[in-house]
Structures are given as C-alpha cells and as structure tokens.
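S.K.: with the input below, show me the fold.
(chains A and B)
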Amino acid sequence: MKKAVKRGYIVNTVVLAAVYALCVVLAAALEGNDNFKLTIVPSIWQCCYLIILAASLNLVLGFMGQLSLGHCGFMAIGAYTAALMSLAFQRAGVYDEKSGAVFILIMIACAICAGLLAAVFGVLLGIPALRLKGDYLAIITMGFGLIIVNVINNLPFAGQNGLAEGTAAASLYATGLGFGSTAKVTYLWFAIAVTILCVALMFMYIRSKYGRAVRAIRDDEIAASASGINTGYYKVLTFAFSAFFAGIAGAVYACCNSSLSTSSFSFTNGSILNSTFVVVMVVLGGMGSLTGSVVSAVIMFFLNYQIGNGSWVHSLPGFIQSIFAYPMLVYALVLIVIIMFRPKGIFGTYEFSLLRTPGELVRLLKRHGGGKKAAGGKEAAAQ
Amino acid sequence: MSEVNREQAPVLETRGLGISFGGLKAVQDFNIKLCRGQLAGLIGPNGAGKTTVFNLLTGVYEPTEGSVILEGEVLNGKKTHQFVAAGVARTFQNIRLFRQMSVLDNVKAAFSKDIKYGMAAALFRTPAYWKAEAEVEAKALDLLEIFHLREKADAPAASLPYGQQRKLEIARALATDMKVLLLDEPAAGMNPTETAELVECISLVRERFGIAILLIEHDMSLVMKLCERITVIDYGQTIAEGGPEEIATNPRVIAAYLGENDGEEDESLA
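M.R.: The predicted structure follows:
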C-alpha cells in the first residue's frame, strides 16, 4: 500500500512537471500573438493568485471548519510587502530592469517575505480570534479584513498616496514588481511555478499529521483534544500557514498589477478580490478538497470575466442585465444555488489523483451510462 | 520489588475532588484510587455527577477543590490534551468520532502527539516522514486488528454500525498510549449481543495493555460482571464504595436507585 502511495507521488510529480514544461513552451511559442499576450496571459496570472487564495482559505474553512472572512486582509499584507520590498531594492539600485538572475531572486525573496509577514499577522490574529467559533470568529476576522485595509491606507509609506512619493498607479508599474504585458509573458513561468508549488505544499500539509489533527478538530474539537491533540496550537498554526499562502497570493497579485490600491481588497468593492468571494470559491469547489478549490477558482474567474467583458451580457433582457451590473449579486446567487443543490460543493472532499481518478472515472461513466462525461472532462482539464 | 510497588501504588488518585458551579456543588469530596490493571466502576442515578467526575479527571473542568494525581503528579489546571499526554484517555457518553475521517485516520489522529517529525519533514516528504508514517500506520492497523475493524480501515467512521463506532472510540483512546482509560457509558444503546462483545473487548484491552480502567455504566449486569471496585455517587457525593456484592446489598445504594419509602424522594430521582 505504501509503495502505491509513493508511486502516486512520483507519477503526479512527473506529470505536473510535464504540464509545467508544456505551459512554458507554449508561452514561448505564442509570445508574438496579441490575443495571447493581452487576454490569455493576464487571465492566467489572475487565475494563479485566485487558485492560491482559494486553496489557502480552504485549509481554514474546509479542512479546519473555521469560518474566516478576512482572508483578503492577508493578501493585502502580502501584496504591499512584496511591492514595497521590490521598490526598496530598486531604489537601492540592486536592479534596474526587470530581467536577469538578480531580479528573479528578488522576486522570489519578495514573495517569501510577503508570505512570512502575512503569517506573522496570522499568528497575531489567530491567537485571540481562534478561541472563538462560528459567527463570532467570522465577525472578528471580518473586522480584521476591514481594519487592515484602513491601516495600510494610513501608513505613510504605503496608503492612498501610492507607494511612497508617486501616485498609486504610477510607482509600482514603473519601478517595482508590477509587470507590463510583455513582462507578464516573460514571467508566466513564475506565476505557474509558484501556484503549483503552493498547492503542492498545502497538499503535503493536509496529508500529514498536521492535516489529520486539523480535520479531527473540524469533525469534533472536544474529541480531538481528548485524543491528545493540542487544538489551540494546531488551529493557530494552520491559520498562519493559510495566511502565509494568502500572502504569497498577494505577492503574485502585486506582480501582475500595475498599481496597488487598498480598495481592491476591501469588502465594499464588487470585484473578485473580496473575502466573501473567496468563501464562495471554496464552497463551490468543495470544502475539504484542494482540487475543488483549484477548479472553482478558475470557474469563478471565468464567470467574473464573462460578467465584466462577455458580449453575451448585452444581449440579455434588461432586467437580468441589470443584475449583472452588480456582480456580487450573481455570486450570491451562485452560493445559494450550490447550498441548495449540492451543499458539499463540486468535489466534496474528493482529491484528484492520476493513479486513482482514471479508473474511478471509467466506473462512474459505466454507472451513469456516460451521463457525466462533461463533468469528467472538466476535472481532467483542470489538472 | 519495584514491579510489586508499581502494582500497588495507585496510578490515578483523587483527593477531596470537587467542583461547584456557582452555588451548586456538582461533585464534592470525591476520592478514588485506581491501581494498574484494576477495573473500577462509577455508578449512580441520572444527574448524580458521574460525567462531571470524568470531566474533572480529563481536564475539561478545573476542580474548585481537591486534586487529581497521576503517578504522583498533580494535574490540576492542565488542559485536556496535557491530561492525555500525561496518560488519561476517555471515551464519550454520546459517541464523538471524527465522522468524516476514515476509520484508520481516526486512530492515526490520536497518535499525533507521538509523531515526532516537524513541519519541514511533512512538507518536503523527507525519509523521517515516511518512516514515522509507516510506523503509525502499522500501529494503527494493529489496534484496529484487536477490535476487528481492520477490514473497515478505509471506510468513513460515520458509516460504521453503532457497536463498531463504540469500539473505534475505545481504539482511538488506546492510541494515545494512556495509563488510565475512562469509559463513559460504553454499553449505552447497545443490544445484548453487542454488549457481550464489548465486555469481551474490555477484558481483552485490560489484559493486553495492563491499564487501569474506570467506567461509568447503567447496565448493572455489566458493571457487576466486570468491575472489581465500584463507587456509587448521588447528588455529587460518594454514598458507597466497595466490591460488587457489597454494593448490591448496600441499603444506601438501593435507596438512591429505587427511592426511599416516602414519595418526595421518588420524585426527585425521576
């Protein structure tokens, strides 16, 4: 049995590496294509940070069963940390152009520091907050999400005036991490690699003693502590671990945006970087399935993109079209529909595995007489 | 010589243990001594404070009087997981399993505190991780084997029939490598066949692990059959203590269970 597990790891690693190589080669081949450069690549970047964000929230919400509504606060911390750090390096003259080994190293360092600072805040918030449960935890984390945005706004070196002297729009793009469309194509490998690595690390986490302890806490906290699990420790650890990846998602966000504004992380905006939106992603994908989070992040991105840019929206009757003017309404509808018809989400707690899934898919198809073919295809495509 | 000493010295001891919730004294002056390999029973009418005693013995409540002593160490004020680490494990009156996790993972989760690898080993799958996981898996499967649950190792815990859920809970408690096992109404809701299996199971555990067991039970035939010492409490106070025969004939115990002759007493028991 253990051999099969190890073989599974090897097969999955090899395939992931192959997929990654394919992406990089494709990116190189399509570099000249305008549609690819201006539409597809930015979309992939956005999907990347959404995937990391959704997967990291799933650790807390799905695997540990604690409702946190302030996840985008950690992302904001990560984004600003990465942006300010890269800016500082640039000012110090460590790098001039966004190329070369030094820049790549700085980019990686920025991402890691973004994660670490977010994790520190995760610990600071987690120690008092995780004594609470359910609604109370939701309220306190929501408060954190609101407060952190205001704190950043009023920092002299970040905030409304943008990063340091320039305006918000100008400085990051011109000097810091922010990538233009060409650089986005050049560093597409970075986004994909970071995403694969982050999701892989989260997967390792939940498939270890930590994951077992965390799932035990979700299922029954009293029984977990009666089984010798230090529930407080594991809760704060997982919260910080999750915040770490939200911070990295923030760093990726900082890379692919020309400007940073705290309003994009706040509750009041209707865009996709809203803590409640991330909760919808996790619930849609399945609480307790990282595969689900990956798939639903992509689905929700497309939904969001289509609502904003799809030409079909304009051909809808006026009433429905007016709903689409407020995307949050649509996400709320999505959430209601999931809860009503498939409360466990698309995947439930199922995890994709290259060794198991093909066989299970064949069995599923036989049982349903091919009825589920479309869903199966989507599942495979997501990996 | 030392072996003999350990046999006789109590593993778990309480001295004047008590707790008050506001003005209500839920448990008062509770004294018990549990030796290695001993099986003791705690009985009493509904609401007598039996589960409160268990909660005191496992750190769910902090006692307001007296102390809990495990092998000479005072455990007052420690948290539940520290009680478990010290060697007190329990099961629950209403089964508390990790319902969405597999049977095997339920047991593995209880091994968590003994798994030594750190975060880095877990994230990067170092040899230390594989070694520790393989050990845990072997130990967990051994435990399941004892309880005839090995075939169901991969099934979700919630899918087990009632009797097997009880057994799994005991298996999980044993995985914490405890010295004292507290069983809270293990036979509640079981049919006679399941109860018989359970009795067998408890005897087996006791022989094999040489631990002290304290059990709460309403099924008198089970208590009389299994327990060497029985403590009876009513309204939070110990009213009798002794061997099964003594207890069965003790007038105070009979009065507590069946009520005294006047009607008032009867009502308050119901």
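S.K.: distance check, A:Val123 against A:Ala240.
M.R.: In this view, A:Val123 and A:Ala240 are 5 Å apart by Cβ to Cβ, to the nearest Å. Where you see a C-beta, it was placed from the backbone N, CA and C, and this is true even at glycine.
S.K.: these two: which has the busier surroundings?
M.R.: The neighbour comparison of A:Val123 against A:Ala240 (other Cβ atoms under 10 Å in any protein chain shown) goes to A:Ala240, with 21 against 13.
S.K.: pretty sure the more buried one contacts A:Leu116?
M.R.: No. Using Cβ atoms under 8 Å, A:Ala240 is not in contact with A:Leu116; the gap is 9.8 Å.
S.K.: OK, contacts around the closest residue to B:Gln28 other than its chain neighbours?
M.R.: In space, and not counting its chain neighbours, B:Gln28 is closest to B:Gly18: 4.6 Å by Cβ to Cβ, 6 or more residues apart in numbering or on different chains. Residues in contact with B:Gly18 (Cβ atoms under 8 Å, 6 or more residues apart in numbering or on different chains) are B:25, B:27-30, B:63-66, B:236.
S.K.: quick check: buried residues in stretch A:138-157?
M.R.: Across stretch A:138-157, burial judged by 16 or more other Cβ atoms under 10 Å in any protein chain shown covers A:138, A:140-142, A:144-146, A:148-149, A:152.
S.K.: nearest to chain B among those?
M.R.: The closest of the buried residues of stretch A:138-157 to chain B turns out to be A:Ala138 (Cβ to the nearest Cβ; 21.3 Å).
S.K.: please report how far the residue of chain B positioned farthest from its centre lies from A:Ala55.
M.R.: Farthest-out residue of chain B from its mean C-alpha position, per Cα atoms, centre = their mean: B:Phe124, at 37.5 Å. Note on B:Phe124: its distance to A:Ala55, by Cβ to Cβ, is 18 Å.
S.K.: the residue farthest from the centre of chain B touches A:Ser208, doesn't it?
M.R.: No. Taking Cβ under 8 Å as the definition, B:Phe124 is not a contact partner of A:Ser208, at 10.6 Å.
S.K.: pLDDT wise, what is residue 126 at?
M.R.: No chain in the question, so chain A it is. The per-residue pLDDT reported for A:Gly126 equals 94.
S.K.: let's do chain B instead
M.R.: 89.
S.K.: what number of residues lie near B:Leu182?
M.R.: Neighbours of B:Leu182 (other Cβ under 10 Å): 25.
S.K.: identify the residues contacting it.
M.R.: Contacts of B:Leu182 by Cβ under 8 Å, 6+ apart are B:54, B:57-58, B:88-91, B:213-215.
S.K.: need the three-state assignment for it.
M.R.: State at B:Leu182, reduced to three classes by DSSP: H, G, I helix; E, B strand; the rest coil: strand.
S.K.: with adjacent residues omitted, what lies nearest to it?
M.R.: In space, B:Leu182 is closest to B:Arg90, 4.0 Å off (Cβ to Cβ, 6+ apart).
S.K.: so, low pLDDT: which residues of the stretch 101-250 of chain A?
M.R.: Applying pLDDT under 70 to the stretch 101-250 of chain A picks out residues A:158-177.
S.K.: just checking, what packs against the helix or strand encompassing B:Val205?
M.R.: In this assignment (DSSP states H and E), B:Val205 forms part of helix B:192-209. The contact analysis (3 or more Cβ pairs under 8 Å, 6 or more residues apart in numbering or on different chains; DSSP states H and E) places helix B:192-209 against helix B:127-146, helix B:162-175, strand B:212-216, helix B:220-226.
S.K.: could you export stretch B:90-102 as PDB, CA atoms only?
M.R.: This file holds the C-alpha atoms of stretch B:90-102, laid out as PDB (Å, rounded to 0.1, in the frame of the first residue of the first chain):
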ATOM      1  CA  ARG B  90     -11.500   8.800  27.700                       C
ATOM      2  CA  THR B  91     -14.500   7.900  25.500                       C
ATOM      3  CA  PHE B  92     -17.700   9.800  25.500                       C
ATOM      4  CA  GLN B  93     -21.300   9.100  26.500                       C
ATOM      5  CA  ASN B  94     -22.600  10.200  23.100                       C
ATOM      6  CA  ILE B  95     -20.000   8.900  20.700                       C
ATOM      7  CA  ARG B  96     -17.700  11.500  19.400                       C
ATOM      8  CA  LEU B  97     -15.800  10.200  16.400                       C
ATOM      9  CA  PHE B  98     -14.100  12.200  13.700                       C
ATOM     10  CA  ARG B  99     -17.100  11.300  11.500                       C
ATOM     11  CA  GLN B 100     -15.800  12.400   8.100                       C
ATOM     12  CA  MET B 101     -12.400  10.800   8.500                       C
ATOM     13  CA  SER B 102     -11.600   7.200   7.700                       C
END
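S.K.: relative to chain B, how far out is A:Ile229?
M.R.: Separation of A:Ile229 from chain B (Cβ to the nearest Cβ, to the nearest Å): 5 Å.
S.K.: give me every residue that touches that residue.
M.R.: A:213, A:216-217, B:81, B:109-110, B:112-113.
S.K.: most neighbours of all those residues, which one?
M.R.: Most surrounded of those: other Cβ under 10 Å gives B:Ala110, at 32 neighbours.
S.K.: show me the contacts for that residue.
M.R.: Counting by Cβ under 8 Å, 6+ apart, B:Ala110 has contacts A:227-229, B:172-173, B:175-176.
S.K.: tell me the centre residue of chain A?
M.R.: Closest-to-mean residue, chain A, Cα atoms, centre = their mean: A:Leu53 / 1.9 Å.
S.K.: thought it was touching A:Val278?
M.R.: Yes. A:Leu53 is in contact with A:Val278 according to Cβ under 8 Å; the separation is 5.6 Å.
S.K.: mutual contacts of those two, please.
M.R.: A:71-72.
S.K.: tell me where the stretch 201-350 of chain A has helices.
M.R.: Using DSSP state H, counting those that start in this stretch, the helices found in the stretch 201-350 of chain A span residues A:209-219, A:221-226, A:231-256, A:275-285, A:290-309, A:318-324, A:327-341.
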